[in-house]
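> I'd like to go over a predicted model; first the sequence, then the structure.
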2 protein chains.
Amino acid sequence: MNCKKRGRQTVALACPPVLTGWASVAGKKEAQGPLADTFTQTSPDDTFGQSSWEKAESEMQRLALSAALDRAGVAASRLDFVLAGDLLNQCIGTGFAMRSVGAPFYGLYGACSTMAESLSLAALLLDGGFGTLAAALTSSHFCSAERQYRTPLEYGGQRTPTAQWTVTGSGAVVLSAQGGGPRVTHVTTGRIVDKGIKDPANMGAAMAPAAYDTIRAHLTDTGHKPSDYDLIVTGDLGKLGREIVWDFFHRDGVDLNHLVDCGMLIYDLESQDVHCGGSGCGCSAAVLCGHLLDGLNAGRWNNILFCGTGALLSPTSTMQGESIPSICHAVSLASPKGEGGF
Amino acid sequence: MNCKKRGRQTVALACPPVLTGWASVAGKKEAQGPLADTFTQTSPDDTFGQSSWEKAESEMQRLALSAALDRAGVAASRLDFVLAGDLLNQCIGTGFAMRSVGAPFYGLYGACSTMAESLSLAALLLDGGFGTLAAALTSSHFCSAERQYRTPLEYGGQRTPTAQWTVTGSGAVVLSAQGGGPRVTHVTTGRIVDKGIKDPANMGAAMAPAAYDTIRAHLTDTGHKPSDYDLIVTGDLGKLGREIVWDFFHRDGVDLNHLVDCGMLIYDLESQDVHCGGSGCGCSAAVLCGHLLDGLNAGRWNNILFCGTGALLSPTSTMQGESIPSICHAVSLASPKGEGGF
């Protein structure tokens, strides 16, 4: 078989898989933000009817996957692969959600890059001819993340200006070897980049160099110009991280004026007290599986480069004085209505 | 492209990737066990020269990958994909080990199934034509696992008879689209199985139904008979879990007399006070990337079915009264010297 790899980190898919169904689930704060109308389902109290925040997070994944499958008109039992993960220790949000699915499953850990990672691997597995249907999904929950990474909610800890707010949300997408819908045309696999940032309340700065590295690799590998994309979407660098990426490209003589960040799209930064914006696996997942894919499907945009960014730290690594290894995976998405798309 | 999938969960690889290099790293207790001579490197004090157990675990991954690359005669910079994960919260053993590698990286979480999961995905990505070189690796460390999952070492907690001992070890393998060495011929992706076991000190019983489910799926999908394999190797069910799998097949009228378990191979269960045997991602990784691949390469065995088993629990899920979702991924490996192999 001929190798389809086009560059050091990028694969151009020979038979671009189609996104035939997607759905997003989000919490109360997200339902008060600018993307409120794009979520498939929300919860007025963030519990989703469950007795713990961790169980609520699992429930969000179940709801998102179920709705995405419904939209695709596919039963879970027909899925050849499910690729999923989350931020919780040992990824229990995902492990427990998958109990009821019964499909072949690969668990992932990519922190907030998980939506892009799961989408990448699902697309590669279908393009490789190893199956015809796959699902990619992830989640995060503000309350389960706070008590795991920082302090229990009851403690009421202060947040620094560079902090981001973990999104309560989930997004799921169903990929098919055939059918109508947005297509995955290219997958760029990220490398670990660590520039020495040690502040866990400044993950935007830690992840920005990884986003720069992967976007640059994607453009080099493919020969695409930034202007070939209607949107280059990072998730979730927040306000500061996005500025850093913009600055890096500006120094290279490239103005990424259509660079947007899922962490800035999901909240109103002025009024919602989220400081630099949203974060968490569920942030880019919920923005992708609603706002972005809806727009792409409707032809609002022709091509989007979706760049999931992850900070691969833990409370233990922070306590041991380590800096934050970061990663970014990029997926090029094309509208079914686009002309001159890749 | 024709779909290569042969059954519900199993892919028969069209161009079986070759394992061109592998290496294992292990701790002091493992170096006192029956596989002592098969490890590439060991440490007399389990620190590997590092200042924390977590850093020691990362160092084991670096050492294992470096030695596997040396054996394959490949520079890390030539790797198209690295697939890896571990047991630590947020997989920091892997995240930090990857800082120095610089290759495209996908992070995985599959608990003790991670070696089989990483090997599966690496083989699929190469067979799909997405690259020509990949690495798969994982690790665990007794001391980092004890303080994360159970009690600090200093506490000296009692262990129940069904408990397993987390292996201090790592294993890494380099896969190539071409070359000489053992081949990956089939990949069977596992499903989550949860039969309601809630005792985190009895993971063998929790994981055994997942191992049974995947081995049975593999045999059904491929039409292989158990006797087509010289070894069916689970990792890491321990003594009790292995007996349960054997019993399940016996009820089906099948005697799996060549069923062995990495958790039983790596220690002397009579003399090393490990109760039901070894566990941890590093257990099956270190046994595969030494004892098993050395033997397969030398023609001691023609075909091995390597079945990595994972218990997807966390201390939080246990405290919340949840049972243990489990998974098993199986990889069929063929000797370069085998006749009549798959």
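Yes, it's here.
> How about A:Asn303, nearest residue that isn't a chain neighbour?
Counting by CB to CB, 6 or more residues apart in numbering or on different chains, A:Tyr229 is the residue found nearest to A:Asn303 once chain neighbours are left out, at 5.0 Å. For every residue, glycine as well, the C-beta is placed using N, CA and C.
> I figured the one you found hits A:Cys307, correct?
No - applying CB atoms under 8 Å as the test, A:Tyr229 and A:Cys307 come out as separate, 10.4 Å apart.
> who has more neighbours, the two?
A:Cys307 (30 against 24; other CB atoms under 10 Å in any protein chain shown).
> tell me which element A:Ala84 falls in.
strand A:81-86 (DSSP states H and E).
> what's next to the next helix or strand after that strand, contact-wise?
Note on strand A:81-86: by DSSP H and E, the next helix or strand toward the C-terminus is helix A:92-97. Residues outside helix A:92-97 that contact it (CB atoms under 8 Å, 6 or more residues apart in numbering or on different chains): A:54-55, A:57-62, A:65, A:84-87, A:107, A:138-141, A:144, B:192, B:312-314, B:316-317, B:322, B:325.
> From those residues, which land in strands?
A:Ala84, A:Gly85, A:Asp86, A:Gly107, A:Thr138, A:Ser139, A:Ser140 (DSSP state E).
> residue in the stretch 201-342 of chain A nearest to chain B?
A:Leu312 (3.4 Å; CB to the nearest CB).
> pLDDT at the residue nearest to that residue when sequence neighbours are not counted, what is it?
Distances taken as CB to CB, 6+ apart place B:Gly95 nearest to A:Leu312, at 3.4 Å, with adjacent residues excluded. If you check B:Gly95, the pLDDT there is 97.
> Tell me, how many residues neighbour B:Gly95?
32.
> try the one 4 residues further on
Counted with other CB under 10 Å, the burial measure for B:Arg99 works out to 18 neighbours.
> circling back to that earlier point, which ChimeraX command selects the buried ones in the ones in strands among the contacts of helix A:92-97?
A single ChimeraX command is used to select the members of the ones in strands among the contacts of helix A:92-97 judged buried by 16 or more other CB atoms under 10 Å in any protein chain shown:
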select /A:84,85,86,107,138,139,140
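> Taking the ones in strands among the contacts of helix A:92-97, tell me the two that lie furthest apart.
A:Gly107 and A:Ser140 (15.6 Å; CB to CB).
> Can you give me the end-to-end span of stretch A:296-312?
30 Å (CA to CA, to the nearest Å).
> what mean pLDDT would you report for it?
97.
> Can you give me the buried ones in it?
A:296-297, A:301-312.
> buried stuff in stretch A:219-232?
Result for stretch A:219-232 [16+ other CB under 10 Å]: buried residues A:Leu219, A:Asp221, A:Thr222, A:His224, A:Pro226, A:Asp228, A:Tyr229, A:Asp230, A:Leu231, A:Ile232.
> Cross those against helices and list the overlap.
A:Leu219, A:Asp221, A:Thr222 (DSSP state H).
> ok, so of those, who is nearest B:Thr38?
The closest of those, once distances to B:Thr38 are taken by CB to CB, is A:Asp221, at 39.9 Å.
> thinking again about what came up before, if I look at the residue nearest to A:Leu312, how far off is A:Thr42?
32 Å (CB to CB, to the nearest Å).
> Pick out the residue of chain A closest to chain B.
A:Gly128 (2.6 Å).
> any weak-confidence spans in chain A?
A:1-5, A:339-341 (pLDDT under 70).
> Strands of that one, residue ranges please.
Under DSSP E, chain A gives strands at A:10-12, A:18-26, A:41-42, A:81-86, A:105-107, A:133-140, A:165-166, A:169-176, A:183-188, A:231-235, A:259-261, A:278-279, A:303-311, A:326-334.
> To B:Ser284, which of these lies closest?
Short answer: strand A:105-107, nearest of the strands of chain A by CB to CB, at 15.8 Å.
> Who is the closest residue to A:Ala145 other than its chain neighbours paired with across the strands?
Once flanking residues are discounted, A:Ala145 sits nearest to A:Thr166: 4.1 Å by CB to CB, 6+ apart. Note on A:Thr166: beta-bridge partners A:Ser279, judged by DSSP bridges.
> Now do the end-to-end distance for stretch A:153-164.
End to end - CA to CA - stretch A:153-164 spans 15 Å.
> How far off centre is that stretch?
23 Å (CA atoms, centre = their mean, to the nearest Å).
> For that stretch, which outside residues touch it?
A:143, A:146-147, A:150-151, A:199, A:201-205, A:236, A:238, A:240, A:263, A:274-279.
> Is there a quick ChimeraX command that grabs whichever of those residues are buried?
Selecting only the buried members of the contacts of stretch A:153-164 in ChimeraX, with burial defined as 16+ other CB under 10 Å, works like this:
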select /A:143,146,147,150,201,202,203,204,205,236,238,240,263,274,275,276,277,278,279
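> how far away is the closest residue to A:His186 other than its chain neighbours from A:Asn297?
Among residues not flanking A:His186 along the chain, A:Ser332 sits closest, at 3.8 Å (CB to CB, 6+ apart). Computed as CB to CB, the A:Ser332 to A:Asn297 distance reads 16 Å.
> List the beta-bridge partners for A:Val173.
What pairs with A:Val173, by the bridge criterion (DSSP bridges), is A:Trp22, A:Ala136.
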